[in-house]
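J.: have a look; sequence and predicted model below, questions after that.
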Amino acid sequence: MTLEEISRQIKTCAEQMNTRYGSPVFDEWAVLSLAENKARVLHYTGPRNDDFLKNFVRDLGSLRAGLLGGQYGIGDFEFSRNNTGTGFESFLVLGQGIYLICNHTSGTMDSIAKNPRWLEAQVPFVELAEKVRANPLAVSWDTRIFTKS
């Protein structure tokens, strides 16, 4: 999958999740590379375009071990129930060293999961994970897409 294709898939996933949930589940979606121990944003949609990378290490919170530990394969994901504020709620492995970070900058995964619609809203996310598992993201390093919502 190309960066352009995954960007379209992410947009579709977000729209479907929001529709099923009844409001935005995540207001921040970022595709980033952690290759060579350097975080590079390849695609970003959200309210913190300028601050996303600046606060990245702090915002990883409880997802740090899973994201940096290398125990997840392509298409695998994790949710954090206890990150607060701008702390990231989820990541999905898109390719070798490439991740989708999902966040609700003013909510928590715990508050999101309390809504009974959360179970149905997860379906598009899992479907996205399966698409990625079947066709991982391959990146050409000169391509980056930034979008403000």
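T.: Received the coordinates, thanks.
J.: I'd assumed residue 120 was in contact with residue 20.
T.: Yes: using C-beta atoms under 8 Å, residue 20 is in contact with residue 120, at 4.7 Å. C-beta coordinates here come from the backbone N, C-alpha and C atoms, glycine included.
J.: after the helix or strand hosting residue 92 comes which helix or strand?
T.: Assigned by DSSP states H and E, residue 92 falls within strand 90-95. Going down the chain from strand 90-95, the next helix or strand is strand 98-103, by DSSP H and E.
J.: and that next one, how far out from the chain's middle?
T.: Between the centre of strand 98-103 and the centre of its chain there are 3 Å (C-alpha atoms, centre = their mean, to the nearest Å).
J.: biggest helix in this protein by residues?
T.: Longest helix in the chain, counting residues (DSSP state H): helix 3-21.
J.: so what does that one touch, helix or strand wise?
T.: strand 28-33, strand 40-46, helix 118-134, strand 145-148 (3 or more C-beta pairs under 8 Å, 6 or more residues apart in numbering; DSSP states H and E).
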